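[1] compute the structure for the input listed below.
(2 chains)
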Amino acid sequence: LAKTTQPISMDSYEGQEVNITCSHNNIATNDYITWYQQFPSQGPRFIIQGYKTKVTNEVASLFIPADRKSSTLSLPRVSLSDTAVYYCLVDRNYGGSQGNLIFGKGTKLSVKP
Amino acid sequence: DTAVSQTPKYLVTQMGNDKSIKCEQNLGHDTMYWYKQDSKKFLKIMFSYNNKELIINETVPNRFSPKSPDKAHLNLHINSLELGDSAVYFCASSSRTEAFFGQGTRLTVV
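    Numbering: from 1, shown residues only, chains lettered A, B, ... in the order given. Predicted structure coming up:
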């Protein structure tokens, strides 16, 4: 499984765009990149998944450069409710359908008023 | 309907006791997991099952034993509870694209 590296923490203010970058230098050809969000006292929640280039949904965008050795989760105009831990996962079995859903330490995002 | 449900939500028990945490998913997923999240907030995988077969069994004491009676259920039984077992335990299930987590069971061993 590709190892991921993320910043331990980030601070932002309401209304700003937040970009969290994840490094995965030994990503394999068949690996997908998935991001999860975890609020205090809750289980992680799927945000977005991608393989290459750009993916966008109603919550976030995911940017993946051509070499796929990193990815950036972009949260537009964050609010206080976006304060959470964000996990980057790399796995060849998509969302872990074969049982290899391994979480790293994540990035603790703190949004201030 | 709750996709992944765990019971109980809170569990306070004494050292040495045996306890079980139940997990059920109604999503039709083949893969289910148990995770432990301790006070340092590191989310560590304990077990994963695919079609009722054990896939991952991380370095977990033998006192922890998962049981999967069918694809929709993955229960966690813990024998001889210790203080260090205090944590939040999450159950999850996954499709090919994403995983769904339960609300967690906060276990406190006193």
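[2] hey, let's count contacts and neighbours off CA atoms from now on
    Will do.
[3] residue contacts, the residue nearest in space to the middle of chain B?
    Centroid-nearest residue in chain B, with C-alpha atoms, centre = their mean: B:Trp34, separated by 3.5 Å. Neighbouring residues of B:Trp34 by C-alpha atoms under 8 Å, 6 or more residues apart in numbering or on different chains: B:Ile45, B:Met46, B:Phe47, B:Ser48, B:Leu76, B:Tyr89, B:Phe90, B:Cys91, B:Ala92.
[4] equivalent analysis for B:Phe64, please.
    B:Phe64 sits in contact with B:Leu76, B:His77, B:Ile78, B:Asn79, where contact means C-alpha under 8 Å, 6+ apart.
[5] and the pLDDT for the last one?
    For B:Asn79, the model assigns a pLDDT of 97.
[6] for it, which non-adjacent residue is closest in space?
    B:Asp18 (4.4 Å; C-alpha to C-alpha, 6 or more residues apart in numbering or on different chains).
[7] and the host helix or strand of B:Ser93 with chain A, contact?
    If you go by DSSP states H and E, B:Ser93 is part of strand B:87-94. Yes: applying C-alpha under 8 Å from any C-alpha of the partner chain, one finds strand B:87-94 touching chain A at B:Phe90, B:Ser94.
[8] the worst-scoring helix or strand of chain B on mean pLDDT near chain A at all?
    Every helix and strand of chain B was ranked by mean pLDDT, DSSP states H and E. The lowest is strand B:53-57, at a mean of 79. Yes: applying C-alpha under 8 Å from any C-alpha, one finds strand B:53-57 in contact with chain A at B:Ile55, B:Ile56.
[9] tell me the helices and strands packed up against that strand.
    The elements that strand B:53-57 packs onto, with contact taken as 3 or more C-alpha pairs under 8 Å, 6 or more residues apart in numbering or on different chains; DSSP states H and E, are strand B:43-50.
[10] quick one, the strand it packs on and strand B:53-57 angle?
    Going by axes from the mean of the first three to the mean of the last three C-alpha atoms, to 10 degrees, strand B:43-50 is angled at 160 degrees with respect to strand B:53-57.
[11] parallel or antiparallel, which strands does strand B:43-50 pair with?
    strand B:31-37 (antiparallel), strand B:53-57 (antiparallel) (DSSP bridges).
[12] pLDDT score for residue 28?
    Reading this off chain A. Taking A:Ala28 on its own, its pLDDT is 88.
[13] you looked at the wrong chain, it should be chain B
    Model confidence at B:Gly28 (pLDDT) stands at 93.
[14] mind putting the contacts of B:Trp34 into TSV with neighbour count and pLDDT?
    TSV is the format used below for the contacts of B:Trp34 (neighbours: other C-alpha atoms under 10 Å in any protein chain shown; pLDDT from 0 to 100):
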residue	neighbour count	pLDDT
B:Ile45	24	91
B:Met46	20	93
B:Phe47	25	90
B:Ser48	28	89
B:Leu76	19	97
B:Tyr89	26	97
B:Phe90	28	97
B:Cys91	31	97
B:Ala92	28	95
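[15] ok, so of those residues, who is nearest B:Asn57?
    B:Phe47 (4.8 Å; C-alpha to C-alpha).
[16] correct me, but B:Asn79 touches B:Lys19?
    Yes: under the criterion of C-alpha atoms under 8 Å, B:Asn79 makes contact with B:Lys19 at 6.6 Å.
[17] against chain B, how distant is the residue most central in space within chain A?
    Of all residues in chain A, the one closest to the mean position by C-alpha atoms, centre = their mean is A:Trp35, 3.3 Å from it. Separation of A:Trp35 from chain B (C-alpha to the nearest C-alpha, to the nearest Å): 10 Å.
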